[in-house]
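Asker: Following is a predicted model, sequence given first.
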Amino acid sequence: MRILAFGDSFVIGAGDPDHLGWIGRALAGRREITLYNLGVRRETSADIAARWRAEALPRMVDHEPMRIVFSFGCNDCNLEDGALRVPTAKSLLNARAMLTEAARLAPVLMVGPPPTAEPDVVVRAEELNEHLKVLAARLQAPFIDVFRPLAADGLWVREAADWDGAHPGAAGYQRMADLVAAHPAWRTFTGVD
């Protein structure tokens with residue numbers, strides 16, 4: 001099976017000294033899966049929407065099952081010149097387009113944004129997370145909400161605060177990987193169940 005993972009710095013695992021991030025850890029030991037980690041630091045939903053298809057098509061084959069994962073949102077919620085980098089309504093339009101188009105190519109799954117140690121971003125990201133969850137349900141796309149469990153646990157946010165305010169270290173990424181890997185949608189999506 002091939003899994004294409006599109007997203008931001010959390011997908012790529014920025015800050016992880018082991019360079020695995022949450023998705024590498026969630027797939028640890030799964031030799032039958034080829035992971036294409038296509039996360040790019042600082043990218044918004046608009047950036048990902050502009051590039052995902054061109055990067056997905058060369059990696060897709062007929063002789064092997066394919067899956068597409070999307071995870072983004074925090075960068076949309078950052079302010080730039082006093083305004084959101086991507087307004088919420090546009091983030092949702094981008095997510096709708098990606099999930100709809102990608103589902104025509106392969107099964108899709110979305111992992112919501114994690115919290116950060118930046119209070120203003122946390123409020124906006126939590127709101128966007130809720131909107132993304134509703135959108136995914138309407139599109140019948142599996143959605144894994146990691147925001148609240150990671151915020152409640154505190155490890156992710158503590159590690160992020162100790163480094164750059166957004167990205168955790170190995171333990172934070174492991175915690176997110178554990179949440180994702182245990183989720184029934186992930187287990188079905190990756191062929192565990």
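Answerer: Received it, and whenever you're ready, just let me know what you need.

Asker: Where is the longest helix in this structure?
Answerer: If you go by DSSP state H, the chain has its longest helix at helix 119-139.

Asker: So which other helices or strands are in contact with the very next helix or strand once past it?
Answerer: Sequence-wise, the next helix or strand downstream of helix 119-139 (DSSP states H and E) is strand 143-144. Applying 3 or more CB pairs under 8 Å, 6 or more residues apart in numbering; DSSP states H and E, we find strand 143-144 packed against strand 108-111, helix 119-139, helix 184-189. No exception for glycine: its C-beta is placed from N, CA and C like everyone else's.

Asker: List the pairing partners of strand 143-144 within its sheet, with orientation.
Answerer: Strand 143-144 has its sheet partners listed here by DSSP bridges as strand 108-111 (parallel).

Asker: Using CSV, write down the CA coordinates of the strand it pairs with.
Answerer: The C-alpha trace of strand 108-111 is given here as CSV (Å, rounded to 0.1, in the frame of the first residue of the first chain):
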residue,chain,number,x,y,z
VAL,A,108,-9.0,9.8,1.8
LEU,A,109,-8.6,10.6,5.5
MET,A,110,-8.2,13.9,7.3
VAL,A,111,-6.3,14.5,10.6
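
Asker: what's the offset of that strand from the middle of its chain?
Answerer: Relative to its chain's centre, strand 108-111 lies at 8 Å (CA atoms, centre = their mean, to the nearest Å).

Asker: so how far is Ser9 from the closest residue to Phe189 other than its chain neighbours?
Answerer: Nearest residue to Phe189, sequence neighbours excluded (CB to CB, 6 or more residues apart in numbering): Leu109, at 4.8 Å. Between Leu109 and Ser9 the computed distance is 19 Å (CB to CB, to the nearest Å).

Asker: So what sits opposite the residue nearest in space to the middle of the chain in the bridge?
Answerer: Geometric centre of the chain, nearest residue: Ser71, 1.9 Å, by CA atoms, centre = their mean. Judged by DSSP bridges, the bridge partners of Ser71 are Gly7.
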